[in-house]
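In: Show me how the following folds:
(2 chains)
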There are 2 protein chains.
Amino acid sequence: MSLASKLAKRAVHIRSGAISQLLKLAAQADTLSLAGGHPATDMLPAEEIEEIGKDLLGTHGPGILQYGESKGYFPLRESLADYLREKKGISCHVEEVGVSSGSQNAIDAIAKILIDPGDSVVVESPTFFYSIQTLGLYEPDIVQVASDECGIIPDALEDACRKTRVKLLYVIPCFQNPTGRTTSFERRKDIVTVAKKHDVLIIEDDPYFELRYVGDNILPLKVLAPEIVVYVGSLSKVFSPGMRIGYYVAPEELCDLVTAARQVVDIHANGYAQAVACEFLRRGLLEPHLARIGPIYHGRLNGLLDALEQFLADTPFSWTRPDGGLFVWLDGPPSFDSTECYFEALERKVSFVPGEFFFFDRTRGKNSLRLSFANLCQKSLATAIERLADILTE
Amino acid sequence: MSLASKLAKRAVHIRSGAISQLLKLAAQADTLSLAGGHPATDMLPAEEIEEIGKDLLGTHGPGILQYGESKGYFPLRESLADYLREKKGISCHVEEVGVSSGSQNAIDAIAKILIDPGDSVVVESPTFFYSIQTLGLYEPDIVQVASDECGIIPDALEDACRKTRVKLLYVIPCFQNPTGRTTSFERRKDIVTVAKKHDVLIIEDDPYFELRYVGDNILPLKVLAPEIVVYVGSLSKVFSPGMRIGYYVAPEELCDLVTAARQVVDIHANGYAQAVACEFLRRGLLEPHLARIGPIYHGRLNGLLDALEQFLADTPFSWTRPDGGLFVWLDGPPSFDSTECYFEALERKVSFVPGEFFFFDRTRGKNSLRLSFANLCQKSLATAIERLADILTE
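Out: Model prediction:
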């Protein structure tokens, strides 16, 4: 059988294998990895999850092992609606909230019901590589619109909307992956204004909201324009990625359509995990957990920024200074090629993600790279940046 | 915002809401439900799962709470490969096995990488409603080929392959949903011969294999033609639907592509659940569990068949006599309309799934209906069929 002759046209967009291979290479035990986008394993509430597990079937009944509602476990949806109201200012009814098998599962379902091949979808420049693919597999025309330290540039968005009928805007407003940048409140208002003017739906992907180390929370786009925003959240960064719990908040009709599209993909998110997550929220464990891990991540972020200052000041390299999240973005001179440097870096036992992965057009981003500070202590971060600086400035 | 103007063309295929609504109606406490396709909650190994959970983080480490490999948790993939070799005769390498968030997640990913709009996909007549939709959302031309008590009819399949270039054949060979029929060994050989001749890939969806109550296992199509069959299995019917653990076995290149397509949808199946499932298999708990539940389900199947004999003999209704699984299929005279009867049945406190849901062209199947015997004791089954017979023979 010739597999190539069988593949759907959209399969050319599948290149996640490449990034997986790259992350695998980076996962050598003796390599200081600035590559992975995962939270640190010891920053996950393993003890709390173990404790909750002890009487989970007693508390929630064996029904959590049975098929459940595609929209999600009702008590968890209630807890999420309460949490979103109290902590993010998103006033939503429980019927506007669905639980997905991780947030990517929600983004896939949103794309599935909305994107026809050739539809115009705007994303930030750069943006998260999995989302480029999740959206890309529905074969839209992906337009990466210029972004700066305050987020996507409204005039550039306006230009894009004038050139073509844009259906969807995908943004990561807080501590963006890969840049670490946060879209300012003023900018959020401007983005929403442009989107309303041009009848554009917004996917607000907000998995890092809870990981703010500096300054005050900024109201989500969802609060500014609830009728045109699908808010996608995740418990992966602050609870457990392995538990695969994401959620989406949308006007009820749209929420139900997203649910229906998910139903034929995952039927529903893991019932056991939903019950654990529900208890985690109900027992008020999220806030003390964030209070524990926030300062540690903040220390790591500062460690990375200090090391960059120490080893790359007075070079053509510049970098972002995030207020939270897991990532810092490094820009080099136009002649710099981060992909070329990658294997050299591996030989020097340090790793990162080359910038090209964050662009739909992979000829772009070559002079940039993403650094994650989540998984190394400050001392290791300094060593890693020292090694990296040697390569970058050679 | 007008949502209708935003929807992708494929969204017209989303009708899972309808079946969910129908199942919700059927779930009234005082209604005897022959509708749901779920295993009985008290047939799930809740105690074993609770016991395994007690030291799961100790045994498998906190890494199960972290992001994991998209292809699945390696120890579970090893356990599955062993299980498939020993119990099903499928000789597969661990790299040919992937774990999905339920089997539907695997079917979605297979469809995503293979089906272009307009591609010809053959399925049985009737077949599982979610699969019609999962496949249908990629907009193939779905051809439901005539099937009899031995499975899909090879001559009909041959005809379909001559009329158009068929890319994919989707079959449920054991205790099919909705008919309960099993494709005979001879028939399997013939199907594989036709598929090879016409260069057709096969999805073998086999979630009921373990639920055989009568006779001997029949070798999967995967054993007969490993190079053209993607075998999709599930732990939902015999372990826990809520845990959402399915798996797929395919030649390595195809397996990796399916994994890559899944990666941007679910990233990976729930790590905690994968570790629980791994322990369940490793500790040899599946076989004694099947030995416990098999006879109970068998008793219920016999209870249903006896009641049908008692209340519907000498009527124009006929039904299948499965050797396993969860379902019996009832055919009425051409004038019978099961959808029309549905609400009357609900009033009489009995429910089923109308036959039309199992056809892509929903004008078909109206004179049939699916009965599940999994969730009622024999006495309740008799009462349910007595009520149903009243309506059907009115």
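
In: in what helix or strand does the closest residue to A:Ala146 other than its chain neighbours lie?
Out: Here the nearest residue to A:Ala146 in space, its sequence neighbours aside, is A:Ala156; by Cβ to Cβ, 6 or more residues apart in numbering or on different chains that works out to 4.2 Å. Any C-beta I mention is one placed from the backbone N, CA and C, and that applies to glycine too. Using DSSP states H and E, A:Ala156 falls within helix A:154-163.

In: Mind jotting down where the strands sit in the stretch 251-394 of chain A?
Out: In the stretch 251-394 of chain A, the segments counted as strands under DSSP state E, counting those that start in this stretch are A:318-319, A:327-331, A:350-351, A:353-354, A:368-372.

In: just these: most buried one?
Out: Of all the strands of the stretch 251-394 of chain A, strand A:368-372 carries the top mean neighbour count, a mean of 27, counting by mean count of other Cβ atoms under 10 Å in any protein chain shown.

In: what's the spacing between it and its chain's center?
Out: Its chain's C-alpha centre and that of strand A:368-372 lie 15 Å apart, by Cα atoms, centre = their mean, to the nearest Å.

In: That one pairs with which strands?
Out: When pairing is defined by DSSP bridges, strand A:368-372 lines up against strand A:327-331 (antiparallel), strand A:353-354 (antiparallel).

In: Is it possible to get CSV of the ones you listed that adds mean pLDDT?
Out: Formatted as CSV, the strands paired with strand A:368-372 follow (pLDDT from 0 to 100):
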stretch, mean pLDDT
strand A:327-331, 98
strand A:353-354, 95
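
In: Now do the helix holding A:Ala156, average pLDDT.
Out: The average pLDDT for helix A:154-163 rounds to 98.

In: could you give the angle of the helix or strand following it to helix A:154-163?
Out: Later in the chain than helix A:154-163, the nearest helix or strand by DSSP H and E is strand A:166-171. Interaxial angle, strand A:166-171 versus helix A:154-163 (axes from the mean of the first three to the mean of the last three Cα atoms, to 10 degrees): 160 degrees.

In: packing partners for the following helix or strand past strand A:166-171?
Out: Later in the chain than strand A:166-171, the nearest helix or strand by DSSP H and E is helix A:185-197. Judged by 3 or more Cβ pairs under 8 Å, 6 or more residues apart in numbering or on different chains; DSSP states H and E, helix A:185-197 is in contact with strand A:151-152, helix A:154-163, strand A:166-171, strand A:201-205, helix A:221-224.

In: Let me know the angle separating the helix ranked longest in chain A from strand A:368-372.
Out: Ranked by number of residues, the top helix in chain A under DSSP state H is helix A:286-312. Counting by the same axes, to 10 degrees, helix A:286-312 points 130 degrees away from the direction of strand A:368-372.

In: What is helix A:286-312 packed up against?
Out: Helices and strands in packing contact with helix A:286-312 are listed as strand A:318-319, strand A:327-331, helix A:378-392; criterion 3+ Cβ pairs under 8 Å, 6+ apart.

In: now do 10 Å
Out: If contacts are counted by 3 or more Cβ pairs under 10 Å, 6 or more residues apart in numbering or on different chains; DSSP states H and E, helix A:286-312 sits against helix A:46-54, helix A:74-88, helix A:271-282, strand A:318-319, strand A:327-331, strand A:368-372, helix A:378-392.

In: Also compute the angle for the third one relative to helix A:74-88, please.
Out: What that stands for is helix A:271-282. Put simply, helix A:271-282 runs at 40 degrees to helix A:74-88, going by the same axes, to 10 degrees.

In: Packing partners of helix A:271-282?
Out: helix A:46-54, helix A:56-60, helix A:74-88, strand A:97-101, strand A:245-249, helix A:286-312, helix B:271-282.

In: Show me what counts as buried in the lengthiest strand in chain A.
Out: Longest strand in chain A by number of residues, with DSSP state E as the criterion: strand A:141-148. Using 16 or more other Cβ atoms under 10 Å in any protein chain shown as the test for burial, strand A:141-148 gives A:Ile142, A:Val143, A:Gln144, A:Val145, A:Ser147.

In: could you dump that strand to CSV, C-alpha only?
Out: Output in CSV follows, covering the C-alpha atoms of strand A:141-148 (Å, rounded to 0.1, in the frame of the first residue of the first chain):
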residue,chain,number,x,y,z
ASP,A,141,-5.8,31.2,4.8
ILE,A,142,-3.7,32.0,7.9
VAL,A,143,-2.6,35.6,8.2
GLN,A,144,0.0,36.4,10.8
VAL,A,145,-0.6,40.0,11.7
ALA,A,146,2.2,42.2,13.1
SER,A,147,2.4,42.3,16.9
ASP,A,148,4.5,44.3,19.3
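
In: Now it: average pLDDT?
Out: Averaging pLDDT along strand A:141-148 gives 97.

In: What pairs with that strand, parallel or antiparallel?
Out: strand A:120-125 (parallel), strand A:151-152 (antiparallel).

In: and of the ones you listed, who's closest to A:Val264?
Out: strand A:120-125 (22.3 Å; Cβ to Cβ).

In: Dump the closest one to CSV, restricted to CA.
Out: C-alpha atoms of strand A:120-125 as CSV (Å, rounded to 0.1, in the frame of the first residue of the first chain):
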residue,chain,number,x,y,z
SER,A,120,-9.3,34.0,6.4
VAL,A,121,-8.0,33.5,10.0
VAL,A,122,-5.8,36.1,11.7
VAL,A,123,-3.3,35.1,14.3
GLU,A,124,-0.5,37.0,16.1
SER,A,125,3.0,37.1,14.7
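
In: can you give me the angle it makes with strand A:201-205?
Out: In terms of direction (the same axes, to 10 degrees), strand A:120-125 departs from strand A:201-205 by 30 degrees.

In: after strand A:120-125 comes which helix or strand?
Out: helix A:129-136.

In: how distant is that next one from the center of its chain?
Out: From the chain centre to the centre of helix A:129-136 is a distance of 11 Å (Cα atoms, centre = their mean).

In: Check stretch A:340-349 too.
Out: What separates the centre of stretch A:340-349 from the centre of its chain is 26 Å, taken as Cα atoms, centre = their mean.

In: Alpha carbons of it, in PDB - could you do that?
Out: This file holds the C-alpha atoms of stretch A:340-349, laid out as PDB (Å, rounded to 0.1, in the frame of the first residue of the first chain):
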ATOM      1  CA  GLU A 340      21.100  26.400  12.200                       C
ATOM      2  CA  CYS A 341      22.300  27.000  15.700                       C
ATOM      3  CA  TYR A 342      20.000  24.300  17.200                       C
ATOM      4  CA  PHE A 343      22.200  21.300  16.800                       C
ATOM      5  CA  GLU A 344      25.200  23.200  17.900                       C
ATOM      6  CA  ALA A 345      23.300  24.100  21.000                       C
ATOM      7  CA  LEU A 346      22.400  20.500  21.600                       C
ATOM      8  CA  GLU A 347      26.100  19.600  21.400                       C
ATOM      9  CA  ARG A 348      26.700  22.200  24.000                       C
ATOM     10  CA  LYS A 349      24.000  20.700  26.100                       C
END
